[in-house]
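J.: 3D, please:
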Amino acid sequence: MKAVGIIAEYNPFHNGHAYHIQRAKELTGADLAVVVMSGNFVQRGEPAILDKWERTQLAMNSGADLVVELPVFYAVQPGHLFAEGAVKILQALGVEDLVFGSENPTIDFMDLAKKAAEIESQGQFTDRSQTYASAYAGQLEEATGFKLENPNDILAFSYAKAVLKSGLPMNLVPIGRLEAGYHDQTFAEDQTIASASSIRLALHKGKFDKVENVVPAETLAALKDKPNTLDFEKPFYDLLRYRLLTDTVGQLGQVYQMAEGLEHRLAATAGNPEAPQSYQSFIKAVKTKRYTFARIQRTLLYTLLNIKVDQMQAAMADSYIRLLGFNDLGQGYLSEVKRRATLPIISKVDMGLAKANLRLDYKAGQIWQVLAGQQGVKLGQDLSRKPIYQTKETKK
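T.: Numbering: from 1, shown residues only. Here you go, the predicted structure:
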């Protein structure tokens, strides 16, 4: 069977995502869609609104045939590492086509990545008067004529670089965005497709009726009835301050991505008698020009999860394929590829795995439940959970 790959967060799953799955199959002639989806936390360092199982179910209701987890050690990373982890999993499953959204779908991102590699090899990204990202984009534009600035284009470029680095074949197929821009904060009442950012903003304001036209009915029902983290900031900040107040600066300094004395700044701000009283105000208090907002958020999540540098490095060197859900097509594809898959395939997690290979995802799942107000729920995110098997009869 021919499979097409999709890399996603589905936070939350909306009509644009459903279109993406359908169009990906059409463009590549694939028999099925394989989705690598971030687990309980997303790239910018926040908990996903719905847990990974609910989002898996919603994706499968709209055409995904096999959903696997992008582990937290890749999901909560800058674009190049996020892309490397996801591409590695798709390639391990034998997927040779990757379809993704782009603001400029006519661009040959693989060619762009090759030209960037030539520039990097010459050591030209050395402008100290601006951030590395700005210098990189500026010199890339000078060399290629293309300005890399839109979020989906940056991620597409990261996918191309990841494929180039892997040395394995993979076809990159961009799809142009419809109706909504990535950073759009609002959408019109007659729109059927909106950005995830604008949908999240409406949900955080409690305007569930406003998103009715831009998400599938099943998504809206899940958002209303299932545990979620729309109000995550207070419990997140309480737990974070506890960590910052009780760990020594030396312990904080061992946290992944804690660099250039940032641990001193975080500890001092948290311990100040006039410390910020909210998560957002804390981020603003510790942020500097050196770090992006997303970088700070990711570092705060690493701090909350107490992920050390050596733990992150070990996890990234020992990745795996965690099955979240599949239908008959997905099951058939797994049967075809499981013997030649280049990463171990995990379908069920016991305490042994939870304390070893999956220790970071297991911890992330427990914290997600706390943030969603599920501390007393026995069925966790990982232990004894089997992949969702969706037959034609059980499809909602």
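
J.: Any idea how many residues pack against residue 391?
T.: 9 (other C-beta atoms under 10 Å). Heads up, the C-betas are built off the backbone N, CA and C, glycines and all.

J.: ok, now residue 339?
T.: Neighbours of residue 339 (other C-beta under 10 Å): 6.

J.: repeat for residue 274
T.: What residue 274 shows, counting by other C-beta under 10 Å, is a neighbour count of 6.

J.: Likewise for residue 231?
T.: Residues near residue 231, counting by other C-beta under 10 Å, number 12.

J.: Point me to the helix or strand that includes it.
T.: Using DSSP states H and E, no element contains residue 231; it sits outside every helix and strand.

J.: Also residue 237?
T.: Element membership of residue 237 [criterion: DSSP H and E] is helix 233-246.

J.: Please point out which parts of that helix sit buried.
T.: 233, 235-237, 239-241, 243-244 (16 or more other C-beta atoms under 10 Å).

J.: Quick check: which helices or strands does whatever helix or strand comes next after that helix pack against?
T.: Elements were assigned by DSSP H and E; along the chain past helix 233-246, the next helix or strand is helix 249-252. Other elements packing on helix 249-252 under the criterion 3 or more C-beta pairs under 8 Å, 6 or more residues apart in numbering; DSSP states H and E are helix 262-271.

J.: What lies in contact with the helix holding residue 237?
T.: 47, 252, 266-267, 270-271, 275, 278-280, 282, 300, 303-304, 306, 367, 370-371, 373 (C-beta atoms under 8 Å, 6 or more residues apart in numbering).

J.: Using CSV, write down the CA coordinates of it.
T.: What follows is helix 233-246, C-alpha atoms only, in CSV (Å, rounded to 0.1, in the frame of the first residue of the first chain):
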residue,chain,number,x,y,z
GLU,A,233,-2.2,28.6,33.1
LYS,A,234,-2.9,28.9,36.9
PRO,A,235,-2.1,25.3,37.8
PHE,A,236,0.9,25.4,35.4
TYR,A,237,2.2,28.5,37.1
ASP,A,238,1.7,27.2,40.6
LEU,A,239,3.6,24.0,39.8
LEU,A,240,6.3,25.9,38.0
ARG,A,241,6.8,28.4,40.9
TYR,A,242,7.1,25.4,43.3
ARG,A,243,9.8,24.0,41.1
LEU,A,244,11.7,27.3,40.9
LEU,A,245,11.4,28.0,44.6
THR,A,246,12.5,24.5,45.8
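
J.: show me where the stretch 251-396 of the chain has strands.
T.: 321-327, 345-346, 388-390 (DSSP state E, counting those that start in this stretch).

J.: Need the winner for burial among those.
T.: Most buried of the strands of the stretch 251-396 of the chain, by mean neighbour count (mean count of other C-beta atoms under 10 Å): strand 321-327, with a mean of 24.

J.: Now do the buried residues in stretch 287-295.
T.: Across stretch 287-295, burial judged by 16+ other C-beta under 10 Å covers 291, 295.

J.: gap between it and the chain center?
T.: Put simply, stretch 287-295 sits 19 Å off its chain's centre (C-alpha atoms, centre = their mean, to the nearest Å).

J.: What about residue 364, how many residues nearby?
T.: Residue 364: 27 neighbours (other C-beta under 10 Å).

J.: Please state the offset of stretch 153-173 from the chain centre?
T.: The answer for stretch 153-173 is 17 Å, by C-alpha atoms, centre = their mean.

J.: What average pLDDT does it get?
T.: The pLDDT scores in stretch 153-173 average 95.

J.: quick one: contacts of that stretch?
T.: So stretch 153-173 is in contact with 4-5, 7, 24, 27-28, 79-80, 82-84, 86-88, 90-91, 95-100, 102-104, 107, 109-110, 112-114, 116-117, 148, 174, going by C-beta under 8 Å, 6+ apart.

J.: How about stretch 17-27?
T.: Residues outside stretch 17-27 that contact it (C-beta under 8 Å, 6+ apart): 4, 6, 8, 10, 30, 32-33, 35, 59, 62-64, 99, 101, 173, 175, 178, 193, 216.

J.: Now do residue 373 against residue 245, distance only.
T.: For residue 373, the distance to residue 245 equals 23 Å [C-beta to C-beta, to the nearest Å].

J.: Please enumerate the helices of the stretch 151-300 of the chain.
T.: Using DSSP state H, counting those that start in this stretch, the helices of the stretch 151-300 of the chain run over 151-166, 196-204, 217-225, 233-246, 249-252, 262-271, 279-286, 293-305.

J.: before we move on, back to that, check the contacts of stretch 153-173 for burial and list the buried ones.
T.: 4-5, 7, 24, 28, 79-80, 82-84, 86-88, 90-91, 95-100, 102-104, 107, 109-110, 112-113, 116, 148, 174.

J.: How far off centre is stretch 333-351?
T.: With C-alpha atoms, centre = their mean, you get 21 Å for stretch 333-351.

J.: Need the distance between the two termini of stretch 370-381.
T.: 11 Å (C-alpha to C-alpha, to the nearest Å).

J.: Please work out the average pLDDT along it.
T.: Here the average pLDDT along stretch 370-381 is 81.

J.: Residue 309 - nearest residue in space that isn't next to it in sequence?
T.: Excluding its sequence neighbours, the residue lying closest to residue 309 (C-beta to C-beta, 6 or more residues apart in numbering) is residue 256, at 5.1 Å.

J.: got the contact list for that neighbour?
T.: Residue 256 is in contact with 299, 302, 307-309, 311-312, counting by C-beta under 8 Å, 6+ apart.

J.: Need the buried ones from those selected in ChimeraX.
T.: Of the contacts of residue 256, the buried ones go into a single ChimeraX selection, burial set by 16+ other C-beta under 10 Å:
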select :299,302,307,311,312
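
J.: phi, psi of the residue nearest to residue 309?
T.: phi -60, psi 130 (degrees, to the nearest 10).

J.: Please renumber the chain so that the first residue is 27 from this point on.
T.: Okay, residue one is now 27; in that scheme the one you just asked about reads as residue 282.

J.: Kindly provide the distance from it to residue 68.
T.: Per C-beta to C-beta, residue 282 is found 17 Å from residue 68.
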